[in-house]
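*Asks:* Quick one: sequence plus predicted model below, questions after.
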Amino acid sequence: MSDAREQAWHRLSLHPKHTLAQLFKTHPGRLEAMTARLELDSADAESEAGGILFDWSKTHLTPELIADFEALAKAAEFDEMRGRLFAGEIVNPTEGRAAEHSALRGVGRDASVEEADALRERMRLMVEAIHSGELGEVRHLIHIGIGGSALGPAVVVDALARDLALVDVHVVSNVDGVALEAAFAKCDPAHTWIAVASKTFTTIETMTNAASALRWLEQNGVADPTGRVIALTAAPSKAVEWGVDETRILPFAESVGGRYSLWSSIGFPIAVATGWEDFAALLAGAAAVDAHFRDTAGRANLPLLAAFADLYYARIRGAQTRACFAYDERLRLLPSYLQQLEMESNGKSVTAEGEPVSGPTAPVTWGGVGTDAQHAVFQLLHQGTHLIPVDFIASIAPGDDLDQAHHRILLMNCFAQGAALMAGKPSDDPARAYAGNRPSTTILVDDLDAATLGALIAFHEHRTFANAVLMGINPFDQFGVELGKEIANKIEQGGATFDPSTEALLKLAGLE
Ligand code: F6P
């Protein structure tokens, strides 16, 4: 680590540790200073998207801490790294790749944006063919993928198309056949198409599920099951080898990482379920955040400021986890999505140069949906021994048409939890005392629509990148997932020996 970086971290560790109550008391303008609004309608004159409010006032960030984090960003060459990201330069050195997810939203290297536009047009025509009936009556789409090839479509379809889907979409990821059978049970094979989503088109779970889906179609009287497959991949030749006709392959660029790929053809089921307009709005919302992240300096840059808070808790206060609670049923899958985004990106022990890191990297990301989680896990947040910074995410406008009481109670509870975590409550009875001084951030959208959701996800992508740059790690590789796959392959091939525990388990399950 460079001296300048080391010094910046050292200075950060020296700041006094005031309580949240003290911070509010000593700085009357704290709320205004620590709250920011991101407007989304500037990205697209046609769009009526509103904005997102970020309230960091209930975190321990102070203007002085932020100034020292800005010094860290300078020492970590944050501006230069961000410039390289948007210029489509190699920012993933271990794999020699760029990371061009923003180009899919129109913000990036010109040639990559042009290529993405052309591929998106190809995808639009396929979506149109489905909606117009050109491909017959398509009632169901089973989207088969895993990890980044499933979580993005799953979270967005669940948020935006739950009761209004133009086509009934089922996202299946687990190789456990129970998952695929559940989807079969809800689909009429005569009117079902299959999307096989895999960047590499080799992932064993996805290819096993895809083969079973074809067998299911065949067994149920579909004469040409492969003719019902649409491949979403960065490896079109592999899809051709597997038997998919070239006209039904929707490619995307190799420079788009799996967990950053929902904006590419991997988002095909989103467009099929919600319609093209919503998919375009999702991209426009993300593009507004791209422009903000690319063009805004220092503390006014919201994903960067979020990363300052993340790193303060992970590195200075020793927080081992970070929780995200969506007070919105439509976002119930968001914590799982963020889990992959943050843990697969930043769960690293070496720097981008291969040196051991100088402090903790990504905390464990976890969470759930409010108000359910209040009645299950919030006990630990309020009285447990762990320090857990919490993000609350909610929408001012309701997602339901029922009595307004529902949304009122939902939001009141969300805000009450943040207030309770901060304020605490003394008691003579230790079992009933709340220490308080527990941090939270509130992210409040005007209305959860496609543009806002796109912006929210892009905000988290850039927050993850900013965290990585400040820690000096490469967020775009994921070699940690390989060893388990290799061992599973060895088991499949037979002949290898393992530790006594693994040998015994294999024997018990009849897999030796
Ligand atoms: O094993 C991890 C991983 O490579 C993820 O990064 C990726 O999103 C997922 O597997 C699926 O990979 P693919 O899209 O190539 O099937």
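*Replies:* Sure thing, it's come through.

*Asks:* So Gly108: helix, strand or coil?
*Replies:* Secondary structure, DSSP: H, G, I helix; E, B strand; the rest coil: Gly108 is coil.

*Asks:* pLDDT score for the residue lying closest to it once chain neighbours are set aside?
*Replies:* Nearest in space to Gly108, with sequence neighbours left out and distances taken as C-beta to C-beta, 6 or more residues apart in numbering, is Ser102 at 4.9 Å. (Glycine included, C-beta is placed from N, CA and C.) For Ser102, the pLDDT comes out at 98.

*Asks:* Tell me who's in contact with Ser102.
*Replies:* Contacts for Ser102 (C-beta atoms under 8 Å, 6 or more residues apart in numbering) come out as 85-86, 108, 286-287, 290, 294, 458.

*Asks:* Can you give me the separation between it and Phe465?
*Replies:* Distance of Ser102 to Phe465, computed by C-beta to C-beta, to the nearest Å: 10 Å.

*Asks:* so what sits against both of these two?
*Replies:* Leu85.

*Asks:* Let's see which of the contacts of Ser102 end up in helices.
*Replies:* The members of these that map onto helices under DSSP state H are 85-86, 286-287, 290, 294, 458.

*Asks:* okay, how far is it across stretch 471-485, tip to tip?
*Replies:* The first and last residues of stretch 471-485 sit 28 Å apart, counting by C-alpha to C-alpha, to the nearest Å.

*Asks:* next one: stretch 420-438
*Replies:* Using C-alpha to C-alpha, the end-to-end distance of stretch 420-438 comes to 9 Å.

*Asks:* Next: stretch 14-29.
*Replies:* 24 Å.

*Asks:* Show me which residues of it are buried.
*Replies:* Across stretch 14-29, burial judged by 16 or more other C-beta atoms under 10 Å covers 20, 23-24, 27.

*Asks:* Please, which helix or strand holds Ala323?
*Replies:* Using DSSP states H and E, Ala323 maps to strand 321-327.

*Asks:* Tell me the strands beside that strand, with direction?
*Replies:* Looking at strand 321-327 with DSSP bridges, its partner strands are strand 364-369 (parallel), strand 390-395 (parallel).

*Asks:* tell me the average confidence for the helix or strand immediately after that strand in the chain?
*Replies:* Using DSSP H and E, the helix or strand that follows strand 321-327 in sequence is helix 334-339. Taken as a whole, helix 334-339 has an average pLDDT of 98.

*Asks:* Likewise for stretch 345-364?
*Replies:* So the average pLDDT for stretch 345-364 ends up being 96.

*Asks:* Between the two ends of it, what distance do you get?
*Replies:* This stretch, stretch 345-364, spans 12 Å end to end (C-alpha to C-alpha).

*Asks:* buried set for that stretch?
*Replies:* 345-348, 351-352, 361-363.

*Asks:* Closest one to the ligand out of those residues, please.
*Replies:* Ser345 (9.6 Å; C-beta to the nearest ligand atom).

*Asks:* Adding neighbour count, write the ones in helices among the contacts of Ser102 out as TSV.
*Replies:* Output for the ones in helices among the contacts of Ser102, formatted as TSV (neighbours: other C-beta atoms under 10 Å):
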residue	neighbour count
Leu85	23
Phe86	21
Ala286	30
Ala287	23
Asp290	26
Arg294	16
Ala458	27
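
*Asks:* Can you tell me which of those is nearest Ala450?
*Replies:* Ala286 (10.1 Å; C-beta to C-beta).

*Asks:* so what's that closest one up against?
*Replies:* Residues near Ala286 by C-beta under 8 Å, 6+ apart: 102, 105, 263, 454-455, 457-458.

*Asks:* Need the three-state assignment for Val169.
*Replies:* strand.

*Asks:* That one reaches Leu141, doesn't it?
*Replies:* Yes - if you go by C-beta atoms under 8 Å, Val169 and Leu141 touch, sitting 4.9 Å apart.

*Asks:* so what sits against both of those two?
*Replies:* 269, 272-273.

*Asks:* Generate JSON lines for these, with secondary structure and neighbour count as supplementary columns.
*Replies:* Below are these laid out as JSON lines (DSSP: H, G, I helix; E, B strand; the rest coil; neighbours: other C-beta atoms under 10 Å):
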{"residue": "Pro269", "secondary structure": "helix", "neighbour count": "30"}
{"residue": "Val272", "secondary structure": "helix", "neighbour count": "29"}
{"residue": "Ala273", "secondary structure": "helix", "neighbour count": "26"}
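
*Asks:* Just name the closest of the residues you listed to Ser237, please.
*Replies:* Nearest to Ser237 among those, with distances taken as C-beta to C-beta, is Pro269, at 23.0 Å.

*Asks:* can you list the residues of the protein near the ligand?
*Replies:* 146-149, 198-200, 203, 206, 258-259, 344, 478, 481 (C-beta under 6 Å from any ligand atom).

*Asks:* now do 8 Å
*Replies:* 145-151, 197-203, 205-206, 233-235, 257-259, 261, 266, 340, 344, 478, 481-482, 485 (C-beta under 8 Å from any ligand atom).

*Asks:* which of those residues are buried?
*Replies:* Going by neighbour count (16+ other C-beta under 10 Å), the residues of the chain next to the ligand have 145-151, 197-199, 201, 203, 205-206, 233-235, 257-259, 261, 266, 340, 344, 478 buried.

*Asks:* taking these one by one, which sit in strands?
*Replies:* 197, 233 (DSSP state E).

*Asks:* Mind putting the buried residues of stretch 14-29 into a markdown table with pLDDT and secondary structure?
*Replies:* Formatted as a markdown table, the buried residues of stretch 14-29 follow (pLDDT from 0 to 100; DSSP: H, G, I helix; E, B strand; the rest coil):
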| residue | pLDDT | secondary structure |
| --- | --- | --- |
| Leu20 | 98 | helix |
| Leu23 | 98 | helix |
| Phe24 | 98 | helix |
| His27 | 94 | coil |
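
*Asks:* With respect to Ala76, which of the residues you listed is nearest?
*Replies:* Nearest member of those to Ala76, counting by C-beta to C-beta, is Leu23, at 25.9 Å.

*Asks:* which stretches of the protein aren't confidently modelled?
*Replies:* Applying pLDDT under 70 to the chain picks out residues 1, 42-49.

*Asks:* Tell me which stretches of it form strands.
*Replies:* Using DSSP E, strands in the chain cover 35-39, 51-55, 140-144, 168-172, 192-197, 229-233, 249-251, 321-327, 364-369, 390-395, 440-445.

*Asks:* What lies in contact with the shortest one?
*Replies:* This means strand 249-251. In contact with strand 249-251 (C-beta under 8 Å, 6+ apart) are residues 119, 122-123, 126, 230-234, 236, 239-240, 265, 268.

*Asks:* One more pass at 7 Å, please.
*Replies:* Defining contact as C-beta atoms under 7 Å, 6 or more residues apart in numbering, one finds that strand 249-251 is touched by 119, 122-123, 126, 230-234, 236, 239, 265, 268.

*Asks:* How about the longest one?
*Replies:* Under the contact criterion C-beta under 7 Å, 6+ apart, strand 321-327 has outside partners 310, 332, 334-335, 338, 363-370, 373, 386, 388-394, 410-411, 414.
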